[in-house]
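In: Have a look at this prediction, sequence included:
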Amino acid sequence: TIRLWSAAMSTELYRCEGHTGLVTGLAWSKNGDLISGSDDGSVRIWKRQPSLLFSQWEQLLCGQNSNSAPVNSVDCSPNGLSIVL
């Protein structure tokens, strides 16, 4: 579970649920999407919705078949077109 908090108000703003392992990497894309990687071998792209909620947009698996390799970190290219793992 990924939780985004307001530092000023000390309240939870958003919650993104879906990874089955520990979340090991987070990055913001240029357009405001949140990219997360996990030791379950998945990378998820969370789209911000008009209601200020995030929804899972896409799940990518790293590795072949069901043998997914853990994702240790994620980043987004400056132009927002590529994700680096």
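Out: Nice, thanks for sending it over. Residues are numbered from 1 along each chain as shown.
In: Flag every buried residue along the host helix or strand of Ser36.
Out: Assessed by DSSP states H and E, Ser36 sits inside strand 34-38. By 16 or more other Cβ atoms under 10 Å, the buried positions in strand 34-38 come out as 34-38. To be clear about C-beta, it is placed using only N, CA and C from the backbone, and glycine gets the same treatment.
In: what pairs with the residue nearest to the spatial centre of the chain across the strands?
Out: Centroid check for the chain by Cα atoms, centre = their mean gives Ser36 as the closest residue, at 2.2 Å. For Ser36, the beta-bridge partners are Leu26, Arg44 (DSSP bridges).
In: Quick check: it vs Ile2, distance?
Out: Counting by Cβ to Cβ, to the nearest Å, the gap from Ser36 to Ile2 is 6 Å.
In: what's the answer for Thr20, then?
Out: 13 Å.
In: What of Ser29?
Out: Distance of Ser29 to Ile2, given as Cβ to Cβ: 15 Å.
In: do Asp75 as well
Out: As judged by Cβ to Cβ, Asp75 and Ile2 stand 16 Å apart.
In: Many thanks, we can stop here.
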